[in-house]
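[1] Any chance you could fold what I've pasted below:
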Amino acid sequence: MKDSHGRTIDYLRISLTDRCNLRCVYCMPFDGILQVPHDTILRYDEIVRFVQVAAQRGVQRVRLTGGEPLVRKGVAGLIECLSAIEGIDDISLTTNGVLLKKMAPELHRAGLRRVNISLDTLDPAQFTQITRLGHIESVLEGIDAALEVGFDPVKINAVAVRSLHQDYLAFAKLSLDRPLHIRFIEYMPVGNSSGTCGAGWGPEDVVSCDDIRRQIDEGAQAAGIGTLVAAEGNNRPVGGGPARYYHFPQALGTVGFISPLSRHFCGDCNRLRLTSTGGLRPCLFSDKEYDVRTPLRAGNDAALNAVIDAACGMKPSEHHEGDHARATQTNMNAIGG
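    Prediction:
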């Protein structure tokens, strides 16, 4: 399946819910979200049917997101169904890790093979400050469980925010002794993450990945670890995302950098996003979305394919400097990241 710019679209991100068991300041308000009517949420059988149609169009990889996908009951059963769809070669999941210790074995048995775990700080007090409800111990236990059951790769996603004064080297060192793949993501001021209604962060809090890497290399060299070198071949973790990967000499894992602002990767964008309420989004930096719930519930595959065509046709060639300031006003929990 191609978009109007000739890019192959073979990756689908599906938000299972906009609900979450944390209240991260850049993702949703402290009081939570207005609950949408239950009948507006895509049922699992509808998600499976959409993926079947998308697979016929060339989609090969699916990532389940939220909100927090593990708060929705029956996720393992959904994964089992998706794993059986012809043409789907890879199913992954992004989670905050809080429920992973309990659910990792069941998810692995269902066919899930790799996970991304969101963790923005290694400081317990700061973790609670960012998440408002969470305790870092539960996430660290989730990481341990993910490795123990055999998820591979296990990736740690850390959003870099200047105001947080994060210890980037401490994060990077997690990759030394265990096969963890640490990915730093430039903060994107979208939705209600900036201003007084959110975290209070803004464009000045964006830290470029080049700056993060420089800080890591300086600290690592001073500590006698050595500087990061490009990860190639088998040293790179499985996945088709936009991260640039590096590793320390002799490290078991890698350190990756995702640069949506400082180094646009739109030219290689290969994905569509499906919201929990059945909106198909061509681009993260836009509120434009196309209704797939209606044709799904009508059993109209021709109309469903027409919606997919329309969404692919509206994927922009790129976003431009300053787009983040006027981009989507939808909170990240509703988009799926």
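
[2] Just read off the phi/psi values of Asp18.
    Backbone torsions for Asp18, taken as degrees, to the nearest 10, come to phi -100, psi 0.

[3] pLDDT below threshold where in the stretch 51-200 of the chain?
    190-200 (pLDDT under 70).

[4] what's in contact with stretch 210-221?
    Contact partners of stretch 210-221, identified using CB atoms under 8 Å, 6 or more residues apart in numbering, comprise 160, 168-169, 172, 184, 226-228, 246, 248, 255, 257, 259, 262. Every C-beta, even on glycine, is put in place using the N, C-alpha and C of the backbone.

[5] Next, the distance between the ends of stretch 163-179.
    Stretch 163-179 stretches 29 Å from its first residue to its last (CA to CA, to the nearest Å).

[6] and if you look at stretch 237-254?
    The straight-line separation of the ends of stretch 237-254 (CA to CA) is 8 Å.

[7] Tell me where this structure has strands.
    Per DSSP state E, the chain carries strands over the ranges 11-15, 61-65, 90-95, 114-118, 154-160, 180-186, 229-230, 244-247, 254-258, 271-274, 279-281, 290-291.

[8] okay, these in JSON lines with distance to Asn305 and mean neighbour count next?
    JSON lines is the format used below for the strands of the chain (distance: least, CB to CB, whole Å; neighbours: other CB atoms under 10 Å):
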{"stretch": "strand 11-15", "distance to Asn305": "14", "mean neighbour count": "23"}
{"stretch": "strand 61-65", "distance to Asn305": "18", "mean neighbour count": "23"}
{"stretch": "strand 90-95", "distance to Asn305": "22", "mean neighbour count": "22"}
{"stretch": "strand 114-118", "distance to Asn305": "29", "mean neighbour count": "22"}
{"stretch": "strand 154-160", "distance to Asn305": "32", "mean neighbour count": "24"}
{"stretch": "strand 180-186", "distance to Asn305": "33", "mean neighbour count": "23"}
{"stretch": "strand 229-230", "distance to Asn305": "40", "mean neighbour count": "12"}
{"stretch": "strand 244-247", "distance to Asn305": "35", "mean neighbour count": "20"}
{"stretch": "strand 254-258", "distance to Asn305": "31", "mean neighbour count": "25"}
{"stretch": "strand 271-274", "distance to Asn305": "13", "mean neighbour count": "24"}
{"stretch": "strand 279-281", "distance to Asn305": "12", "mean neighbour count": "23"}
{"stretch": "strand 290-291", "distance to Asn305": "12", "mean neighbour count": "16"}
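
[9] In JSON lines: those, plus distance to Gly134.
    Output for the strands of the chain, formatted as JSON lines (distance: least, CB to CB, whole Å):
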{"stretch": "strand 11-15", "distance to Gly134": "20"}
{"stretch": "strand 61-65", "distance to Gly134": "18"}
{"stretch": "strand 90-95", "distance to Gly134": "12"}
{"stretch": "strand 114-118", "distance to Gly134": "11"}
{"stretch": "strand 154-160", "distance to Gly134": "15"}
{"stretch": "strand 180-186", "distance to Gly134": "19"}
{"stretch": "strand 229-230", "distance to Gly134": "34"}
{"stretch": "strand 244-247", "distance to Gly134": "28"}
{"stretch": "strand 254-258", "distance to Gly134": "23"}
{"stretch": "strand 271-274", "distance to Gly134": "25"}
{"stretch": "strand 279-281", "distance to Gly134": "27"}
{"stretch": "strand 290-291", "distance to Gly134": "34"}
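
[10] coming back round to it: a markdown table for the contacts of stretch 210-221, including distance to Ala298?
    What follows is the contacts of stretch 210-221, written out as a markdown table (distance: CB to CB, whole Å):
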| residue | distance to Ala298 |
| --- | --- |
| Ala160 | 44 |
| Tyr168 | 50 |
| Leu169 | 54 |
| Ala172 | 50 |
| Phe184 | 44 |
| Gly226 | 59 |
| Thr227 | 57 |
| Leu228 | 52 |
| Tyr246 | 49 |
| Phe248 | 54 |
| Val255 | 47 |
| Phe257 | 44 |
| Ser259 | 41 |
| Ser262 | 44 |
